[in-house]
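# this one's structure only:
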């Protein structure tokens, strides 16, 4: 059974990771380092990285403190270590609705499915059940950092922050703010009430994690449709005063844009101008979707240093449109990936990665330009370091570099066993837990890492993840005790 590690069992000492490491240090570059080693210190930071090492003993000889107090975790020939995924846009309370759309599009989907579900989070037991499951689920998929939208309910929002902190997931957690164009039961009664309740969540996050090592607050106006100009401006001021990030939605759906620009804010010119006038655009602003942006809006987002969360699964599922990601990148805007649960049906950033490729190919066809295509290496960058840039954590996570923190996934791509004449495997042997096989079928002829990683992107899921670490702590383990036991044995064998 997959196993989340309780905090008391998260032994944080020096560790040596040995084997194959893959990451995308820049957009479009996929580096794979075989026979390499990364040393992680007791604070969860990468202390050194050595490439093409001859043996573990050789590495430990140069770093004796790892030999005496560290653990050794090996990827093996079929496994590799990859930076943890960054989900830049996910609605935690909507998780129960994953896969439920009916025939709706964005605005009526909110009314029919989303708002009633969010209202149920006034029940703290309901919130605990959903949030506990969601954080476990996202960790199993390798999401080490998530930017969460919660609900208007302070107790439930604070509970989400506490659960993330307890389970060891890096998270931005925001109380949802709305004061118009939504059911009365989900509206803030005044701007003052919205500020007071939002500050309560900010104080809670800082109370459980004063340095923001794992959990930090984020100012969260839902979108311009459900926020008056006064509320948006007050939230913009609050974000500056408290020096915290902002997350919201922008230009997701054409009906939404028309409502904002022509009815709610008729003098704004563009949707993006609404947020800019309120002081909400800045270097720590995460803008979800951005499907239908003009060149002028992209230039303004670039000028303000804000980032975009591309949510291809949601955009397709709700029929919102096809985002032109290449134009965003070419404009110099930082772009990451978001699952947008439950507009997106899956909490997996790997699913968002493959759908980002698919959507880019549709765009290339529609716009008659091959330049729109996104490659495997590019979407893996968006899923990791690109997302880290969007949420303002690029100096901490997103790639394997000395000084960064060890947020990583241990991925297994056990190959299909070769058979000889007369041999056959039954279903249990071929696909059972004992075989170690996930959904990616790697054949013995497929030895190149570029091909294997491409197959992982298009076919892989949480079944391939053997372990997940955040800040050096093991927070998810597919089979209880295996990684820790192997690490201890590996350390003993080298002493």
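Ah, there it is. From a predicted model like this one, the values you see are computed outputs, not experimental measurements.
# what is the burial count for residue 262?
For residue 262, the neighbour count with other Cβ atoms under 10 Å is 10. All C-beta spots, glycine's among them, are computed from the backbone N, C-alpha and C.
# so it belongs to a helix, correct?
Yes: assessed by DSSP: H, G, I helix; E, B strand; the rest coil, residue 262 belongs to a helix.
# can you tell me what sits against the host helix or strand of residue 163?
Using DSSP states H and E, the element containing residue 163 is helix 154-167. For helix 154-167, contacts defined as Cβ atoms under 8 Å, 6 or more residues apart in numbering pick out 4, 7, 92-93, 121-122, 124, 127-128, 131-132, 135-136, 139, 146, 148, 150-151, 170-171, 173-176, 197, 200-201, 204-205, 208-209, 214-215, 217, 475.
# what of stretch 319-326?
105-106, 252-254, 289-293, 310, 312, 314-316, 335, 356, 359-360, 362-363, 366-367, 371-374, 382.
# return the distance of the helix or strand harbouring residue 138 from the chain's centre.
With elements delineated by DSSP H and E, residue 138 resides in helix 124-140, which encompasses its position. Distance of helix 124-140 from the chain centroid (Cα atoms, centre = their mean, to the nearest Å) equals 16 Å.
# in strands, which of the contacts of stretch 319-326 fall?
289, 310, 335 (DSSP state E).
# could those residues go into JSON lines alongside distance to residue 454, neighbour count and pLDDT?
Converted to JSON lines, the ones in strands among the contacts of stretch 319-326 look like this (distance: Cβ to Cβ, whole Å; neighbours: other Cβ atoms under 10 Å; pLDDT from 0 to 100):
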{"residue": "289", "distance to residue 454": "27", "neighbour count": "30", "pLDDT": "98"}
{"residue": "310", "distance to residue 454": "20", "neighbour count": "32", "pLDDT": "98"}
{"residue": "335", "distance to residue 454": "21", "neighbour count": "26", "pLDDT": "98"}
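# among the residues you listed, which one lies nearest to residue 101?
residue 289 (16.0 Å; Cβ to Cβ).
# residues in contact with the closest one?
Here residue 289 is in contact with 89, 249-252, 309-311, 314-315, 320, 323, 340 (Cβ under 8 Å, 6+ apart).
# just name the closest of those to residue 392, please.
Distances from residue 392 to these, taken by Cβ to Cβ, are shortest for residue 309, at 12.8 Å.
# who's the closest one bridged to?
Beta-bridge pairing for residue 309 (DSSP bridges): residue 288, residue 336.
# hang on, it packs against residue 86?
No: using Cβ atoms under 8 Å, residue 309 is not in contact with residue 86; the gap is 9.7 Å.
# quick check: neighbours shared by those two?
336-337, 387, 390.
# quickly find the element holding residue 416.
Per DSSP H and E, there is no helix or strand for residue 416.
# against residue 122, how distant is the most centrally placed residue in the chain?
In the chain, the centroid-proximal residue (Cα atoms, centre = their mean) is residue 87; its distance is 1.8 Å. Counting by Cβ to Cβ, to the nearest Å, the separation of residue 87 from residue 122 is 25 Å.
# equivalent analysis for residue 326, please.
43 Å.
# nearest spatial neighbour of residue 82, chain-adjacent residues omitted?
residue 409 (4.9 Å; Cβ to Cβ, 6 or more residues apart in numbering).
# surely residue 463 meets residue 413?
No: judged on Cβ under 8 Å, residue 463 makes no contact with residue 413 at a distance of 11.0 Å.
# identify the contacts common to those two.
Common contact partners of residue 463 and residue 413 (Cβ under 8 Å, 6+ apart): residue 438.
# between these two, which is the more surrounded one?
Comparing residue 463 with residue 413 by other Cβ under 10 Å, the one with more neighbours is residue 413, at 25 against 17.
# next, give phi and psi for that one.
phi -120, psi 60 (degrees, to the nearest 10).
# just to check, it is in contact with residue 454?
No: Residue 413 is not in contact with residue 454 according to Cβ under 8 Å; the separation is 11.3 Å.
# can I assume residue 21 sits in a strand?
Yes: when three-state DSSP is applied, residue 21 is found to be in a strand.
# contacting residues for it?
For residue 21, the contacting residues are 32-33, 36, 38, 49, 75, 80-82, 400, by Cβ under 8 Å, 6+ apart.
# low-scoring stretches of this structure, by residue?
For the chain, the stretches flagged by pLDDT under 70 are 1-12, 427-437, 484-495.
# can we see that at 90?
Within the chain, the stretches with pLDDT under 90 are 1-13, 67-71, 101-109, 416-438, 479-495.
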